[in-house]
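Asks: Here is the input, now give the coordinates:
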Amino acid sequence: MGTSNMFGNISIQLQTIAFAGALANDGCDKKSIQVDAPFHFNCTYTATEDTTATPTDLVLCSTSILCVVDNSATGTQDVRVQLPRAFQKVNWDVQPGEYW
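Replies: Numbers count the residues shown, from 1 in each chain. All right, here's what the predicted structure looks like:
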């Protein structure tokens, strides 16, 4: 993905944690986590719950977003991620696919 454009890809990794009881009807899925990107970005994402490493009263969620950046992107671009309110603790990492 993104090998024929000058900007390449942007990879965004989010790790969030919440108390299971605080999520109500929300969860670690595409229904509860939304990504809104500018039209110069073609973004795909997955949200998965890690059930092996956490106690049963906590929900650890990993969200991986990959955006292919269009050559016509200029200025400041925002990729907005909406998480359920219960996910108050977030660890994030953003990596470009191309270094200048």
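Asks: Every contact and neighbour count from this point should use C-alpha atoms.
Replies: Noted.
Asks: just checking, what packs against the one helix or strand Q95 maps to?
Replies: Q95 is part of strand 89-96 when elements are defined by DSSP states H and E. Judged by 3 or more Cα pairs under 8 Å, 6 or more residues apart in numbering; DSSP states H and E, the packing partners of strand 89-96 are strand 9-19.
Asks: Same question for the strand it packs on: list its buried residues.
Replies: With burial defined by 16 or more other Cα atoms under 10 Å, the residues of strand 9-19 counted as buried are 9-12, 14-19.
Asks: again, but for stretch 36-45
Replies: For stretch 36-45, by 16+ other Cα under 10 Å, it's 37, 41, 43, 45.
Asks: The strand holding Q95 pairs with which strands, parallel or anti?
Replies: Strand pairing for strand 89-96, determined by DSSP bridges: strand 9-19 (antiparallel).
Asks: about what we covered before: any idea how far the strand holding Q95 is from the middle of the chain?
Replies: Taking Cα atoms, centre = their mean, to the nearest Å, the mean C-alpha location of strand 89-96 is offset from the chain mean by 8 Å.
Asks: Contacts for it next, please.
Replies: 8-18 (Cα atoms under 8 Å, 6 or more residues apart in numbering).
Asks: again, only this time at 6 Å
Replies: Applying Cα atoms under 6 Å, 6 or more residues apart in numbering, the contact partners of strand 89-96 are 10-17.
Asks: before we move on, what about stretch 67-76?
Replies: Counting by Cα under 6 Å, 6+ apart, 2, 5, 7-10, 40-43 sit against stretch 67-76.
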